[in-house]
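Colleague: Here is the input, now give the coordinates:
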Amino acid sequence: MVHQTYTADVLVVGGGTGGTAAAIQAARRGAKTILVSEFPWLGGMLTSAGVSVPDGNELEAFQTGLWGAFLQELRQRQSGGLDNSWVSFFSYDPRIGAEIFADWVQELPNLQWISGQVPLEVFRQGDSITGVRFADFAVTAKVILDGTELGDLLALANIPYRWGWELQSEWGEPSAPVTFNSLTQRYPVQAPTYVVIMQDFGEAVASEIPAAPNYNPSQFTGAWDGYGAETFLNYGRLPGGLFMINWPIGGNDYGEGVGRLIESDVSRGEFIQESRWHSQNFAHFIQKQLGRRYGLAEKVFPHTSTAFALHPYYRESRRLVGLTTIREQDILPIAKGRVASIFNDAFALGVCEAIAVGNYANDHHYPGVQFPLQPKSIRWGGRWTGTPFTIPYSCLIPATTDGFLVCEKNISVSHIANGATRLQPVVMGIGQAAGMAAAICVELNCQPRDLPVRTLQTALLEDNRSKALIIPFFNLPPNHSDWRHWQLYYLDNPQAYPVNCDCPCPLGKALIQESNCFTGIFYRLEQQEYRFTVTAPATYQGQSWQLVTLRSHINEQLRAYPHEQLVTLWGRYNHSGNWLLVEHLNGR
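Modeller: Alright, predicted model coming up:
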């Protein structure tokens, strides 16, 4: 029974990465906003799912919007910095991430957050969504956003969605299968992972981790062969002797009967329990192999089993059938280029609908299966990164339903392209854009499909708190004096967008963050592979490190620096990755 009905301008259902960003942005724009979450932490993948080593949008020029603001807050709040793991440039205690989102919500008087609730029913009037019912209250709003982890509002509202694979005949995606097969049947979507946090207690004093039902050590045999135990643990190393266990090779990805996630509440609960047991068994295996020095972390997540995330890390959900669908071709680099097209074949001719940017490589998880994908990686800054791509506004809008937007992994995207669009930073950008769009629709009293995309793009570029990137450039950091000019220029002249992803502007130079000075010999192994043998300080003398950077002007300097020359660098050493993250070079 509904005991109370709230009214709002904007309702966001789901407190994950995209939903949290959407609610914050809508409220900052001035809309009366209600955010309803299932869990007591906001942030989803970044916090409550435990994946606090995010991938993608790592280059300095891509650290914009709420994503960039989140990184800045992490740097200020986490002592010791973010250089802890080798899978990401940013690894942090998930408690700090949850604290940041809670603080951002708390400071907004026009944003009401209600936790511990899931949607039960969606209200419609004709083709418009008007409200959502929860256990003992309902919310009506002018614009409603689905920020759930699995696109639950799409199902409740009977809005057309996709689940599973598309064949190559659907859109001509080069990596899509020609026919359905055993892989597509066994894993209709990518495998989730139930993250568990382990802890290094320094000596063999950790409590024994019991095996869960159906323990089978052969599932994990050889999990870190070729890496070694220390490298395996450092993959997701967090501060304070913690390790995020989210390991894809004979690890805790779990996809058995993954279709149960959308069959019923009971079947979803069964799958979640099994995936949690699977991670418990992997942690048990790790402890058996590496000793009682390693155990389950204490007091991390706010529930009884404090080492286990609040919910699985879902890599894929129901996917909207939208006005536009992102396909694999839309995330792959242009011929002879280093960036994807900023157009989509479904776009209006000559119009760029970009509202968010991603750059992660296309990455799919099917336990025990190697699935080949078209490459979209490049060498940049001394390391591998992904070619940038954009998210069009129209993939957030249902083809036939009004009053509704999506803002999570549930955008209109193909199964293949989802492997690149699902990462935390790009989903955060999608959420920010969706929240901004919803608030502006309220201001203009229009439907999301009728909102001029240029109005939305300008608002994102000019937001007074967290201006967000629209057009990707390697060499245009957000503090560049002409950043806004060049963003608007290429929105006006998208046909002139350079395929090398470099803006024809003077290189900007960022402020040096906290860093240390090192002197040594520079070695060029390849055009984008560098080593550095330390001569000073004496503590590191003789050690050899990889050189990497996230800054465009440093990238250019490294590309031009003479082989086997003495060099003085300023930067931060990452023990887990054995690299020096260069922030300044030879005093320039």
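Colleague: what residues are up against the closest residue to residue 112 other than its chain neighbours?
Modeller: In space, not counting the residues next to it along the chain, residue 112 is nearest to residue 34; the distance is 4.9 Å by C-beta to C-beta, 6 or more residues apart in numbering. Quick note: C-beta positions are derived from backbone N, CA and C, even for glycine. For residue 34, the residues meeting the contact criterion (C-beta atoms under 8 Å, 6 or more residues apart in numbering) are 6, 8, 10, 11, 12, 111, 112, 113, 114, 139, 141.
Colleague: among these, who's most crowded?
Modeller: residue 12 (38 neighbours; other C-beta atoms under 10 Å).
Colleague: Is it bridged to anything, and to what?
Modeller: Each beta-bridge partner of residue 12 is listed here: residue 35, residue 145, as defined by DSSP bridges.
Colleague: Where does the prediction get shaky in this structure?
Modeller: For the chain, applying pLDDT under 70 flags the ranges 1-2, 344-350, 507-514, 587-588.
Colleague: what are the ranges of the helices in it?
Modeller: The residue ranges that make up the helices of the chain, judged by DSSP state H, are 17-29, 65-77, 94-106, 152-156, 168-171, 182-186, 229-234, 265-290, 418-421, 424-444, 453-461, 483-492, 552-560.
Colleague: Serialize these to JSON lines and add fields for distance to residue 221.
Modeller: Conversion of the helices of the chain to JSON lines gives the following (distance: least, C-beta to C-beta, whole Å):
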{"stretch": "helix 17-29", "distance to residue 221": "34"}
{"stretch": "helix 65-77", "distance to residue 221": "36"}
{"stretch": "helix 94-106", "distance to residue 221": "29"}
{"stretch": "helix 152-156", "distance to residue 221": "37"}
{"stretch": "helix 168-171", "distance to residue 221": "35"}
{"stretch": "helix 182-186", "distance to residue 221": "21"}
{"stretch": "helix 229-234", "distance to residue 221": "14"}
{"stretch": "helix 265-290", "distance to residue 221": "9"}
{"stretch": "helix 418-421", "distance to residue 221": "27"}
{"stretch": "helix 424-444", "distance to residue 221": "31"}
{"stretch": "helix 453-461", "distance to residue 221": "48"}
{"stretch": "helix 483-492", "distance to residue 221": "51"}
{"stretch": "helix 552-560", "distance to residue 221": "41"}
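Colleague: And those helices: which comes nearest residue 467?
Modeller: Proximity to residue 467, assessed across these by C-beta to C-beta, is greatest for helix 453-461 (5.8 Å).
Colleague: Check which helices and strands that closest one is in contact with.
Modeller: Using 3 or more C-beta pairs under 8 Å, 6 or more residues apart in numbering; DSSP states H and E as the contact criterion, the neighbours of helix 453-461 among helices and strands are strand 354-358, helix 424-444, helix 483-492.
Colleague: tell me the angle of the last one relative to helix 453-461?
Modeller: What that stands for is helix 483-492. Using axes from the mean of the first three to the mean of the last three C-alpha atoms, to 10 degrees, one finds that helix 483-492 and helix 453-461 are set 160 degrees apart in direction.
Colleague: buried set for helix 483-492?
Modeller: Counting neighbours by 16 or more other C-beta atoms under 10 Å, one finds that the buried residues in helix 483-492 are 483, 486, 487, 488, 489, 490, 491.
Colleague: Just give me the closest of these to residue 396.
Modeller: Taking C-beta to C-beta as the measure, residue 396 lies nearest residue 491 of the buried residues of helix 483-492, at 18.0 Å.
Colleague: Correct me if wrong: that closest one contacts residue 355.
Modeller: No. In terms of C-beta atoms under 8 Å, residue 491 does not count as a neighbour of residue 355; the distance is 10.9 Å.
Colleague: could the contacts of residue 34 go into a markdown table alongside distance to residue 61?
Modeller: Listed next are the contacts of residue 34 as a markdown table, based on distance: C-beta to C-beta, whole Å:
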| residue | distance to residue 61 |
| --- | --- |
| 6 | 40 |
| 8 | 35 |
| 10 | 30 |
| 11 | 34 |
| 12 | 29 |
| 111 | 30 |
| 112 | 35 |
| 113 | 32 |
| 114 | 37 |
| 139 | 38 |
| 141 | 35 |
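Colleague: of those, closest to residue 527?
Modeller: residue 12 (45.3 Å).
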